[in-house]
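# below: sequence and its predicted model.
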Amino acid sequence: MTTKLCIVRHGETAWNAEHRVQVQLDVPLNAIGLAQAQAAAKVLSREKFDVIYSSDLSRAQQTAAPTAELLSMQVAIDPALRERHYGIFERLTYAEVKEKFPEDYARFHARDPDYDFRTGESLRDFSVRSISIISKIAQENKDRNILVFTHGGVLDYLYRFITGLSISAERDFGIPNAGLNRIEVAPAGWQVRSWADVAHLENALDDLPG
């Protein structure tokens with residue numbers, strides 16, 4: 001009895017390329033991101049999936065759309081799959097944040113688990129949300145093959161949950177745009193089967209902070 005998940009980070013946006021904080025703002029894919037979505041679809045459409053889920057933000061839905069079309073499937077939209085809320089950092093580049101809010105940036109860079117961007121979401125709370133939504137999807141679709149389109153932060157904390165890496169530890173694994181990440185859930189527990197697969201892409205950004 002094994003539940004399989006393929007979890008895909010959305011394709012590239014203009015704000016990804018600028019290292020601008022978009023998170024819960026609804027920024028669409030750029031031309032590269034749209035091409036990445038098509039490239040992912042060519043690979044994913046060769047597989048059989050029982051269900052497809054996506055974040056409600058347009059960049060995730062745009063990444064999911066070509067695959068869903070080729071598979072003639074509907075996409076279940078869930079806002080809980082959204083990226084972390086970065087509060088006062090949103091719309092700024094990381095360089096601008098560092099200059100404008102140096103003390104806040106220092107807490108963020110140090111991965112303070114309780115720092116919430118004043119008006120956003122703490123690392124601790126976001127980690128719980130990320131793990132909870134993926135666990136819920138897996139629980140509701142036992143022994144099925146599940147495809148999920150989401151955001152880098154959700155993938156970050158899912159990987160940490162499975163491997164035991166602390167939420168405050170420096171990231172030592174990739175989370176590229178439109179990368180494919182495969183997880184299995186069995187009675188023995190969760191396992192990462194493959195991670196950050198970009199064989200279908202010419203190039204992909206990993207613009208997330210470490």
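Received the coordinates, thanks.

# backbone dihedrals for Arg193, please?
With angles defined as degrees, to the nearest 10, Arg193 sits at phi -90, psi -40.

# mind listing what it touches?
The contact partners of Arg193, taken as CB atoms under 8 Å, 6 or more residues apart in numbering, are 182-184. Any C-beta I mention is one placed from the backbone N, CA and C, and that applies to glycine too.

# ChimeraX command to pick out the buried ones of those residues?
Applying 16 or more other CB atoms under 10 Å to these, the buried members can be selected in ChimeraX as follows:
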select :183,184
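
# would you format the contacts of Arg193 as JSON lines with distance to Thr119, pLDDT and secondary structure included?
Compiled in JSON lines, those are given as follows (distance: CB to CB, whole Å; pLDDT from 0 to 100; DSSP: H, G, I helix; E, B strand; the rest coil):
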{"residue": "Arg182", "distance to Thr119": "35", "pLDDT": "98", "secondary structure": "strand"}
{"residue": "Ile183", "distance to Thr119": "32", "pLDDT": "98", "secondary structure": "strand"}
{"residue": "Glu184", "distance to Thr119": "37", "pLDDT": "98", "secondary structure": "strand"}
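
# show the residue spans covered by the helices in this protein.
Secondary structure of the chain (DSSP state H): helices at 14-18, 31-44, 58-71, 94-100, 102-109, 123-140, 152-163.

# which residue packs closest to Phe70, ignoring adjacent ones?
Just so we're on the same page, residue 70 is Leu rather than Phe. If the residues on either side of it in the chain are set aside, Leu70 comes closest to Ser45, at 3.7 Å by CB to CB, 6 or more residues apart in numbering.

# that neighbour contacts Ala68, correct?
No - in terms of CB atoms under 8 Å, Ser45 does not count as a neighbour of Ala68; the distance is 9.3 Å.

# those two - which one has more neighbours?
Between Ser45 and Ala68, counted using other CB atoms under 10 Å, Ala68 has the larger neighbour count: 20 against 17.

# ok, that one - contacts?
Neighbouring residues of Ala68 by CB under 8 Å, 6+ apart: 52, 74-75.

# okay, which residue is most central for this protein?
Closest to where the C-alpha atoms of the chain average out (CA atoms, centre = their mean) is His151, at 2.2 Å.

# so what's it up against?
If you count contacts by CB under 8 Å, 6+ apart, His151 has them with 9-10, 23, 55, 57, 60, 81-83.

# just the buried residues out of those residues, in ChimeraX syntax.
Command for ChimeraX that selects the buried part of the contacts of His151, burial taken from 16+ other CB under 10 Å:
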select :9,10,23,55,57,60,81,82,83
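
# among the contacts of His151, which ones are in strands?
With DSSP state E as the criterion, strands contain Arg9 from among the contacts of His151.

# can you give me phi and psi for the residue nearest to the centre of the chain?
Backbone geometry at His151, expressed as degrees, to the nearest 10, gives phi -130, psi 160.

# helices and strands of the protein: which one has the lowest mean pLDDT?
The helix or strand of the chain with the lowest confidence, counting by mean pLDDT, DSSP states H and E, is helix 14-18 at a mean of 92.

# what does that one contact?
21-22, 27, 30, 32-33, 93, 177, 205, 207.
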